[in-house]
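Asker: Got a predicted structure here, sequence first:
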Amino acid sequence: MDQEIKKLNILFILPEYYPHSGGGISTYYLQHIDFMRSHVAKIKVVVGSAYTQSLDRFLHHDIEVEYLKPDLFHKYLERFKKFDFIPQYKKAIASAWAMWEQVNAGAGFDLVECTDFGLGFIPWLIHHNIPVVTRLHGSSGQIELHERELQEILFGDQCRQTELSLLEKSDALVTHSQSNYTFWQDIFPHKQINLISPLFKANATPAKFIQKENFAIVCSRIQEWKGPDILCRAVKTIAKPVLIKWYGRNTMFTESLSKSDQLLQRFPEVWNHTVIPQGQLSHHQLEAVQKTAKFAIIPSTWDMYNFTCLEYMSIGTPVICSDGAGVSSLIKNGVNGFKYASNDHIALASCIEAVNNMDQSAFEKMTSEALKTVKSLMSTNIINDNTKLMVQVIQKFELIAPNLFNQALYLPSDKKYAIDIVLNQQPLNKLLKYITKRLKKKIFGG
């Protein structure tokens with residue numbers, strides 16, 4: 001099998017990757033591809049999404065990386081006019097097809113790996129001319145379920161319909177989170193979901209107790225399901241709370257109100273006082289801050305995994321993790337970190353007080369156990385699980401006859417669909433009310 005693997009050319013279609021990181025997918029693949037590159041003949045990464053296009057093209061650790069070309073993206077936007085009424089979906093499906101054309105439908109590659117998030121899998125499962133592995137990182141449909149205040153239900157429903165129609169056609173579905181494994185196995189009871197631990201290498205020397213400063217850290221987008229509300233509620237109950245620095249970009253809570261502003265309205269005595277948003281830092285800058293933080297918190301009410309937990313554990317920073325994050329399966333409460341029930345702010349407050357009061361002996365014992373946990377993710381067995389799966393998928397691959405219904409749904413088209421088709425079916429009274437409201441907003445703001 002080793003000789004078969006050494007001959008493989010693998011294509012990765014990703015929504016994010018080095019140097020532009022938007023979250024855990026980029027972190028995952030930086031580690032994953034770095035481990036895998038010496039085991040196969042060639043790896044190429046194509047990066048693009050509804051919001052990521054560039055002319056960038058470069059080598060990173062001998063891996064060819066190129067970004068989705070803007071002109072191709074705009075070409076395919078014009079070929080999905082029928083989705084004008086769901087602009088986020090239109091951009092996502094256009095980016096997927098543009099990347100497919102950019103790499104000549106995968107010519108010269110033995111296997112393509114996509115992610116569920118970003119919908120990059122669509123063209124590969126419609127044409128299915130080469131084996132497809134789809135890694136489940138937290139899909140667009142899953143995420144929308146946890147962001148209902150944004151009122152993007154139509155987008156979420158369209159993503160979920162696409163995921164239900166196509167994901168099961170992947171030659172392999174893989175996830176690294178036990179909770180996500182259970183979620184998708186329930187959705188697709190007749191499809192095997194492969195659970196393979198993530199690959200992770202600790203590069204930094206763990207910090208010592210004496211190097212720690214008196215603040216805690218959260219590294220995450222300021223987003224509903226990332227748990228800032230639970231954290232603020234917990235902090236309110238603590239008599240002498242520690243300073244908590246929150247690093248990550250702000251997101252929208254509603255169409256007109258950011259999540260940070262909503263938190264300031266709801267928790268004026270906590271947000272921007274005890275829990276202080278810091279904005280974004282580069283990966284190297286953030287690593288330095290993570291290392292000096294006294295402890296870290298992952299307060300997510302839901303999170304497919306959350307790679308920052310591994311980063312904390314690898315650099316000697318004790319971590320408090322919600323059981324709503326998939327990575328919490330690695331945490332043994334009170335041994336290599338602290339774990340609490342995701343919606344229990346009292347339990348979170350207790351964890352914060354416990355870790356804040358740890359002496360040097362308890363600190364060293366916990367961080368030592370955490371480092372052992374991280375080192376287990378460097379196992380050769382995990383690499384073998386991935387390579388074995390790739391070979392099995394390629395060996396079992398058979399061309400499948402096109403599905404006409406799916407082609408009608410997801411193939412690009414030069415047919416011009418005017419949005420008038422939808423508007424003409426709406427009552428005139430409703431349209432007039434909307435136009436009046438829109439004009440007032442445009443003229444007077446708000």
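Answerer: Received it, and whenever you're ready, just let me know what you need.

Asker: lowest average confidence, helix or strand, in this structure?
Answerer: Within the chain, judged by mean pLDDT, DSSP states H and E, the helix or strand with the poorest mean is helix 2-6; its value is a mean of 77.

Asker: Can I get the helix or strand that comes right after that helix as CSV, trimmed to CA atoms?
Answerer: Taking DSSP states H and E as the definition, the helix or strand that follows helix 2-6 towards the C-terminus is strand 9-14. Listed in CSV are the C-alpha atoms of strand 9-14, where the atom choice follows Å, rounded to 0.1, in the frame of the first residue of the first chain:
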residue,chain,number,x,y,z
ASN,A,9,-1.7,13.3,-6.7
ILE,A,10,-4.1,14.9,-4.3
LEU,A,11,-6.2,18.1,-4.9
PHE,A,12,-7.6,20.1,-2.1
ILE,A,13,-10.5,22.5,-2.7
LEU,A,14,-10.7,24.7,0.4
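
Asker: And the contacts of strand 9-14?
Answerer: Among residues not part of strand 9-14, those counted as contacts by CB atoms under 8 Å, 6 or more residues apart in numbering are 25-26, 29, 33, 36, 40-48, 96, 99, 103, 106, 108-115, 118, 120-121, 124, 390. Every residue, glycine included, has its C-beta placed from N, CA and C.

Asker: what comes up buried for the least confident helix or strand of the chain?
Answerer: Of all the residues in helix 2-6, those buried under the rule 16 or more other CB atoms under 10 Å are Ile5.

Asker: next one: that helix to chain centre, how far?
Answerer: 30 Å (CA atoms, centre = their mean, to the nearest Å).

Asker: Stretch 307-317 now?
Answerer: Relative to its chain's centre, stretch 307-317 lies at 17 Å (CA atoms, centre = their mean).

Asker: now that stretch: mean pLDDT?
Answerer: Here stretch 307-317 scores 94 as its mean pLDDT.

Asker: Buried ones in that stretch, by neighbour count?
Answerer: Neighbour-count burial for stretch 307-317, counted by 16+ other CB under 10 Å, picks out 307-317.

Asker: Can you tell me which of the residues you listed is closest to Leu231?
Answerer: Checking those against Leu231 with CB to CB, the nearest one is Thr308 at 14.4 Å.

Asker: follow-up on the earlier one: among the buried residues of stretch 307-317, list the two that are farthest apart in space.
Answerer: With CB to CB as the measure, no two of the buried residues of stretch 307-317 lie farther apart than Phe307 and Gly316, at 16.9 Å.

Asker: Checking my notes, Phe338 in a strand, right?
Answerer: Yes - the assignment for Phe338, made by DSSP: H, G, I helix; E, B strand; the rest coil, places it in a strand.

Asker: can you give me the strands for this protein?
Answerer: 9-14, 42-47, 57-60, 63-67, 111-115, 132-135, 172-175, 193-195, 216-219, 244-247, 275-279, 295-298, 319-322, 338-340 (DSSP state E).

Asker: OK, contacts around the closest residue to Glu269 other than its chain neighbours?
Answerer: In space, not counting the residues next to it along the chain, Glu269 is nearest to Lys236; the distance is 7.3 Å by CB to CB, 6 or more residues apart in numbering. Shown in contact with Lys236 (CB under 8 Å, 6+ apart): 267, 269-270.

Asker: Just the buried ones among those, please.
Answerer: Using 16+ other CB under 10 Å as the burial test, the contacts of Lys236 include 267, 270 as buried.

Asker: With respect to Asn406, which of the contacts of Lys236 is nearest?
Answerer: Out of the contacts of Lys236, the one with the shortest distance to Asn406 is Phe267. That distance is 46.3 Å, counting by CB to CB.

Asker: Which residue is the nearest non-sequential neighbour of that closest one?
Answerer: Taking CB to CB, 6+ apart as the measure, Phe267 lies nearest to Cys232, with 4.0 Å between them; neighbours along the chain are not counted.

Asker: what residues are up against that neighbour?
Answerer: With CB under 8 Å, 6+ apart as the criterion, the residues that contact Cys232 are 263, 266-267, 270-271, 275.

Asker: In a markdown table: those, plus pLDDT and distance to Leu8.
Answerer: Compiled in a markdown table, the contacts of Cys232 are given as follows (pLDDT from 0 to 100; distance: CB to CB, whole Å):
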| residue | pLDDT | distance to Leu8 |
| --- | --- | --- |
| Leu263 | 97 | 47 |
| Arg266 | 97 | 52 |
| Phe267 | 97 | 52 |
| Val270 | 97 | 52 |
| Trp271 | 98 | 49 |
| Val275 | 98 | 47 |
